[in-house]
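J.: Model the structure of this input:
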Amino acid sequence: MLRIIFMGNPEFALPTLQLIRSSGHILAGVVSNPPKALGRGRKIQKTAVGSYAEKENLNLIMPKDLNDNNFVSLIKKLRPDIFVIVAYKILPDKIIQIPQYGALNLHASLLPKYRGAAPIQWAIMNGDSKTGVTIFQIVSKVDAGDILLQKEIKIKDNDNYLSLGTRLCEVGSKMIIQSLNRVDKNTIKLFPQNSSLATSAPKISKEMLLINWSWDAFKINNWIRGLSPYPGMRTKIKKKSLRIFKSKVVDKIYDLKPGTVINSDNCFLIATGKGGLMILDLQIEGKKRMKTEIFLRGFNLDKGQIIG
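T.: Presented below is the predicted three-dimensional model:
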């Protein structure tokens, strides 16, 4: 039986935390980011992990600074055997070194591919047909530690960031429990990563969200899938911001300037650098998310106009 401190922030981390609670191991504490102002109303909110831990009366710790001596002392007093990390910050070495078995991380890719903050998004954005989950030991270099377990997952043609992320966290949570049990029984086998095969999955920036209509339709569609439902790819139409959540490639040749509206009668079809893109689900500035057919009823969209 292991004494575990869990560290995580988003909803993606919750299935793992919930499974740990029923695993037979001891959950000594939960570490998550402090509350911050979110949304249009700038309401102060805890992370998904923080909210869950508070609701369940777990030992919740929300440090502002992981190097703070008070935080380090508190973690030491909890006498953890191991940390489990799912979508949290980079840990300083003095924290990693506290538990005798170190720290396990759930990473949503087949490491060493897609090291970094956004592996799920980049796998879809790059048009990959598969990805996976890796459980590895945390070391000083980000996402570079030895691997305990790894499992491949198929990326479906209609997957977006949310649907693929949901499947990956469900699979990954079970793999964390397998890994913890192996650590407890001293039956783990570690496999070093081949760093020469490493690729990066950098954080998504605001600049990446603007659709480049000169790209081919397949690439734009993959980026829309990879960034849906959050934060959503955007374009401009009649000086208003338009977020696009779902689209469909029309594999035809259009001799039109990229960004030209091809059809606005019974569908919303836009010319790209190669092929057309049919918009299926969107949100115009100032309105709620809606299906395209509803949007077309109330928005004056002219065939031949240029968007973007």
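J.: what ranges do the helices span in this structure?
T.: 14-21, 48-55, 69-77, 93-96, 119-125, 161-184, 217-226, 292-298 (DSSP state H).
J.: Make TSV out of those helices and add distance to F136.
T.: Glycine gets a C-beta too; all of them are placed from N, C-alpha and C. TSV is the format used below for the helices of the chain (distance: least, C-beta to C-beta, whole Å):
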stretch	distance to F136
helix 14-21	14
helix 48-55	20
helix 69-77	21
helix 93-96	13
helix 119-125	13
helix 161-184	9
helix 217-226	23
helix 292-298	42
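J.: out of those, deepest packed?
T.: helix 119-125 (a mean of 24; mean count of other C-beta atoms under 10 Å).
J.: returning to that earlier point: what's the least confident stretch among the helices of the chain?
T.: Of all the helices of the chain, the minimum mean pLDDT falls on helix 292-298 (a mean of 91).
J.: which strands and helices sit next to that one?
T.: strand 268-271, strand 276-284 (3 or more C-beta pairs under 8 Å, 6 or more residues apart in numbering; DSSP states H and E).
J.: Out of the ones you listed, which gets nearest to N105?
T.: N105 sits nearest to strand 276-284 of all these, at 33.4 Å, using C-beta to C-beta.
J.: who does the closest one pair up with?
T.: Paired with strand 276-284 in the same sheet, following DSSP bridges, are strand 240-250 (antiparallel), strand 268-271 (antiparallel), strand 290-291 (antiparallel).
J.: Give me whichever of the ones you listed is most buried.
T.: strand 268-271 (a mean of 24).
J.: thinking again about what came up before, with respect to N33, which of the helices of the chain lies nearest?
T.: Minimum separation from N33 across these (C-beta to C-beta) falls at helix 48-55, 7.1 Å.
J.: ok and the closest one relative to helix 14-21, angle-wise?
T.: 40 degrees (axes from the mean of the first three to the mean of the last three C-alpha atoms, to 10 degrees).
J.: Alpha carbons only: can I get helix 48-55 in PDB?
T.: These are the backbone C-alpha positions of helix 48-55, laid out as PDB (Å, rounded to 0.1, in the frame of the first residue of the first chain):
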ATOM      1  CA  ALA A  48     -11.600  21.100 -11.700                       C
ATOM      2  CA  VAL A  49      -9.300  19.000  -9.400                       C
ATOM      3  CA  GLY A  50      -9.500  21.700  -6.700                       C
ATOM      4  CA  SER A  51     -13.300  21.800  -6.800                       C
ATOM      5  CA  TYR A  52     -13.600  18.000  -6.600                       C
ATOM      6  CA  ALA A  53     -11.100  17.700  -3.700                       C
ATOM      7  CA  GLU A  54     -13.000  20.400  -1.700                       C
ATOM      8  CA  LYS A  55     -16.400  18.800  -2.400                       C
END
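J.: tell me what that helix is packed against?
T.: helix 14-21, strand 26-31, strand 60-61.
J.: Give me the buried positions along the second one.
T.: I take that to be strand 26-31. 27-31 (16 or more other C-beta atoms under 10 Å).
J.: what about that strand, average pLDDT?
T.: 98.
J.: Tell me which residues are up against it.
T.: Strand 26-31 has contacts (C-beta atoms under 8 Å, 6 or more residues apart in numbering) with 1-8, 17, 20-21, 49-50, 53, 58-63, 75, 78-80, 88.
J.: filter the residues you listed to the buried ones?
T.: 2-8, 17, 20, 49-50, 53, 58, 60-63, 75, 78, 80, 88.
J.: What separation do you get for the closest residue to A37 other than its chain neighbours and E54?
T.: Take A37 and drop its neighbours on the chain: the residue closest to it by C-beta to C-beta, 6 or more residues apart in numbering is I44, 5.6 Å away. To E54, I44 is 13 Å away according to C-beta to C-beta, to the nearest Å.
J.: again with K219
T.: The value you get for K219 to E54, if C-beta to C-beta is used, is 42 Å.
J.: next one: A87
T.: The span separating A87 from E54 equals 18 Å under the rule C-beta to C-beta.
J.: repeat for F191
T.: 38 Å.
J.: G298 now?
T.: G298 is 42 Å from E54, where distance means C-beta to C-beta.
J.: Give me the domain ranges for the protein.
T.: 3-197, 206-298 (automatic domain parsing).
J.: Include distance to Q305 when you put these into CSV, please.
T.: Listed next are these as CSV, based on distance: least, C-beta to C-beta, whole Å:
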stretch, distance to Q305
domain 3-197, 27
domain 206-298, 5
